[in-house]
Structure formats: structure tokens, C-alpha cells
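**Q** after the sequence you'll find the predicted model.
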Amino acid sequence: MKNDTVNIGLIGFGTIGTGVVTILNQNMDLIEKKSGKKINLKRIVDLDITTPRGVDVEPEKLSTNVDDILEDEEIDIVIELIGGYSPALNFILKALNKGKHVVTANKALLAKHWDEIISAAEENQVKISFEASVGGGIPLLQPLNESLAANHIQSIYGIINGTANYILTKMTQEGLNFHLVLNEAQKKGYAEQDPTFDVEGHDTAQKLILLTILGFGEYIPEEKFHVEGISKITPEDINFNLEEMGYVIKLLGISRKVDNQLEVRVHPTLIPQEHLLASVNGVYNGVYIEGDAVGPVMMYGQGAGSMPTASAVIGDCLDIINNPQKEIPFGPLKENPTSLKSMENVKSKYYIRLRALDHPGVLHSISGILSDFNISIESVSQKQVDDNPAVPIFIVTHKASENDLTGALKKIDELKDIKEKSMFIRILEE
């Protein structure tokens, strides 16, 4: 950016790329006023440049050859929006090595190749910006980097997958089962035809890796921490929680310091209804951060979609234009699992659901096993909700270790009167 014009190359003309072009077309006067420079979207590269996107683009700007961007010495900023690992990694590294700044929404790539990408940016004295990779249009990563920089971050709790949150919201509000709501979400375009990545927690995990890096300066890869999805949640669980316990179920990404160790985990969580995160519904995202100086901070908004995500992408471009020398607070980070608390040592309150024949002494046997594993019961409920001879039993425990809980449930499941494998959900306690 050696003159008054900033040239941008866009790789990927899909949903988000279309949003980027739309915003530039609509708000260019505002964007140029805030940057103090003329902005020129010089080139757009995509494998498909013939399908109409509903936006005005000069035909000469379109190309199927990525080198039209990467080899163009006039292009200052490369926006990568194709997603995935390959060839996105090669494109980003080549752009950085050519001395170009990069903006990306590719959380999967950053979560897996953080060290390699950040090292390339530092070696070439250029920036890699990725606000859009977590939380879509929510201003999240820059505030975490800058506005909260004076804080030791104590905890980060995130509802950061809109598909899972939409499904749980519909299950809660309408009492529907998981597969029925998932099918509806797929028809509306909120869920992929193969929804595994979203509903089993992997998307949340990748975003949590980036939040953990920026919040705690620690790189913990996904295979090192617990990741669990929402496919085992039933209307039975939700109805019980709402009516009797005052909780809502959310898929939560958690990263927090406890006893000088880092807890990083993704799983369904019961959140008290009065907590701010409990009101994050539908496809919206919310991230709740606690700092030692600022206390709790809540960030909320649309976590995906063409225009919200494109808003974050263009915001990153403006930040690069206005602050090209600003460095990422945490540079290359080697994997450091020694600071990670193992899941078996995590302590929580728990909700337990199991089914047992309604015979005398069953509850006594269950409570005896829990007591043997140092787990005390806060409440218990037994309801006949259908014609099944095995009655559902709902238990809420006081705080216990994960190791003790899983050990107790293994013994409980061996009882002859237990007719369905027990399941449990962790309860958020601040």
C-alpha cells in the first residue's frame, strides 16, 4: 500500500464473497472515508465465474486463475473465502510470501495450521486477519485483542454454531425431537446435508481453538480436548429442564483457567435461565467473556450469513489499511497440552437421565452407587411419561469430578433394572 489506492483480490465468489462485493458496491463512500484511501476490488477469482450472483461486477475483473491475484504485484490485500484446507493453505502462504496482507474467514485452516500461517506473516512483515472466522459479523476477536488487552482473561463461554443453536432452540420452544428439527433446518438451509461437523461440535471446537489462542495465548489442537455434540439430546431432557430446573440446553464452547490449568471443552451444557447466554436463540451466536479487571462482557449477533460475515471481512481490510504494522499479540505457538486439565479431572454439577424398571429399591441402589463414588444428589425426579415399563429417572448432582461420575454411571448401567444406557449433561456454574 505505497500509494493512495489499495488494490484487493478476492479468492472465492460464493455466499460470503458475494456479500463482500455487495457491501463494497453499496458502502464504498463510507469505507473510503474511513480508510482515507481509494479502494479497488481489482480481481475476483473463482472456479465458477458464469453463474449470476445478483451483484454488479465488471466482467474483466473475473478470472478462474488464482495467479491473477497471487502474482499481481499491485494487489495489496488478498481475501481468501474458499474455505477448507487445500488449496486454501497454499494460496494463503503464497500470498503472505509475496508480501501481501491476507484476510480470511477460514477457522478450520487457522485452527490446524496456526503456527505455519502466523510464522509466514511475521517473516514477511505482513498481516493475517480473521475476525470473520469466529462469530460471523460479531466484533469479537479485535475487542478480545485490544479492548480487553489489560485483562487476564479468566473464562470464555461461547455459543458459536448457529446450526446447533437453531436446532436446540426449536427443540426447546416446540418440543420436537432432534432429527425432525434437523430435517427442517436442512430444508431452510441452516444445516448442511451432512450436518456432522456442526451438530457434533467440531465447528465449535475449531472456533474455540482461536478464542483460546487470543484469550490465553495457548494453542490446544482439537484432538487434545473433549468435543461432544447435541445428537443425543431428547425432548424429554428439555421438557424436564424447563419445567423443573430453570435451565436451557446450549452447545457451549468453554475455555477457562481453573487452578492455574486451562479447561478447554465443547459439549451440551445446561445454562441457568437468568444467564445472558440462555437468551441466545435461533441461528444467533453469543460469547461471554470474563476478565479480571472488566468482569463479564457479552458479545452477541449473527454468527454466519453472507452480509454479517462479509461485514467482518471488510472490517479486517480497513484495519489492515489503517494499521498495517500492528502485530498479532500471540505469534507462532507450539502445541502446549501440558497446561490442559484432563477431562476426567474437570468438576461440574451434572444432570443424569436413565430409565429403570419401577421396582422397590432401584433408587436406593442408584444413590448408593453415586455415594460410593463421592457424588451427592441435589434432586431426583421419577416420571411415567409413556407406556414404557422402564420409567425415566432424572437426577441432578452436586459438583463432582468427571472421573467419578463416569465410573458411577458405568456401575449403574450394570444394574439389572436399568433398561437404557444412562446419559448426562454438564451444568454451567460460574
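**A** That came in fine, so what should we check first?
**Q** quick check, V380 in a strand?
**A** Yes. Under DSSP: H, G, I helix; E, B strand; the rest coil, V380 sits within a strand.
**Q** ok, I39 - contacts?
**A** Shown in contact with I39 (C-beta atoms under 8 Å, 6 or more residues apart in numbering): 5-6, 8, 24, 28, 31-32, 317. Glycine gets a C-beta too; all of them are placed from N, C-alpha and C.
**Q** so can I have CSV of the residues you listed showing neighbour count and secondary structure?
**A** Formatted as CSV, the contacts of I39 follow (neighbours: other C-beta atoms under 10 Å; DSSP: H, G, I helix; E, B strand; the rest coil):
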residue, neighbour count, secondary structure
T5, 13, strand
V6, 23, strand
I8, 25, strand
L24, 20, helix
M28, 14, helix
I31, 18, helix
E32, 16, helix
C317, 22, helix
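**Q** dump those residues into TSV; add distance to D194 as well.
**A** What follows is the contacts of I39, written out as TSV (distance: C-beta to C-beta, whole Å):
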residue	distance to D194
T5	43
V6	39
I8	33
L24	33
M28	38
I31	37
E32	41
C317	32
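**Q** how about JSON lines for the residues you listed, with pLDDT and distance to E184 added?
**A** Listed next are the contacts of I39 as JSON lines, based on pLDDT from 0 to 100; distance: C-beta to C-beta, whole Å:
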{"residue": "T5", "pLDDT": "95", "distance to E184": "47"}
{"residue": "V6", "pLDDT": "97", "distance to E184": "43"}
{"residue": "I8", "pLDDT": "98", "distance to E184": "38"}
{"residue": "L24", "pLDDT": "97", "distance to E184": "34"}
{"residue": "M28", "pLDDT": "97", "distance to E184": "38"}
{"residue": "I31", "pLDDT": "97", "distance to E184": "38"}
{"residue": "E32", "pLDDT": "96", "distance to E184": "43"}
{"residue": "C317", "pLDDT": "97", "distance to E184": "36"}
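**Q** among those, which one sits closest to I160?
**A** C317 (22.8 Å; C-beta to C-beta).
**Q** count the neighbours of the closest residue to K107 other than its chain neighbours for me.
**A** Excluding the flanking residues, the one nearest K107 by C-beta to C-beta, 6 or more residues apart in numbering is S133, at 3.9 Å. Using other C-beta atoms under 10 Å as the criterion, S133 is surrounded by 25 other residues.
**Q** and what of the one 5 residues further on?
**A** I138 sits with 24 neighbouring residues when counted by other C-beta under 10 Å.
**Q** wait, it sits on G301?
**A** Yes. With contact defined as C-beta atoms under 8 Å, I138 and G301 form a contacting pair (4.0 Å).
**Q** name the residues contacting each of these two.
**A** Common neighbours of I138 and G301 (C-beta under 8 Å, 6+ apart) are 285, 308.
**Q** find the residue at the geometric middle of this protein.
**A** Centroid-nearest residue in the chain: T204, 3.1 Å away (criterion: C-alpha atoms, centre = their mean).
**Q** pretty sure that residue sits in a helix.
**A** Yes. The assignment for T204 by three-state DSSP puts it in a helix.
**Q** pLDDT at it, what is it?
**A** According to the prediction, T204 has pLDDT 98.
**Q** other residues contacting the lowest-mean-pLDDT helix or strand in the chain?
**A** One helix or strand of the chain scores below all others by mean pLDDT, DSSP states H and E: helix 235-240, with a mean of 83. Residues from elsewhere that reach helix 235-240, judged by C-beta under 8 Å, 6+ apart: 168, 171-172, 175-177, 249, 351, 353, 381, 383, 385, 392, 394, 425.
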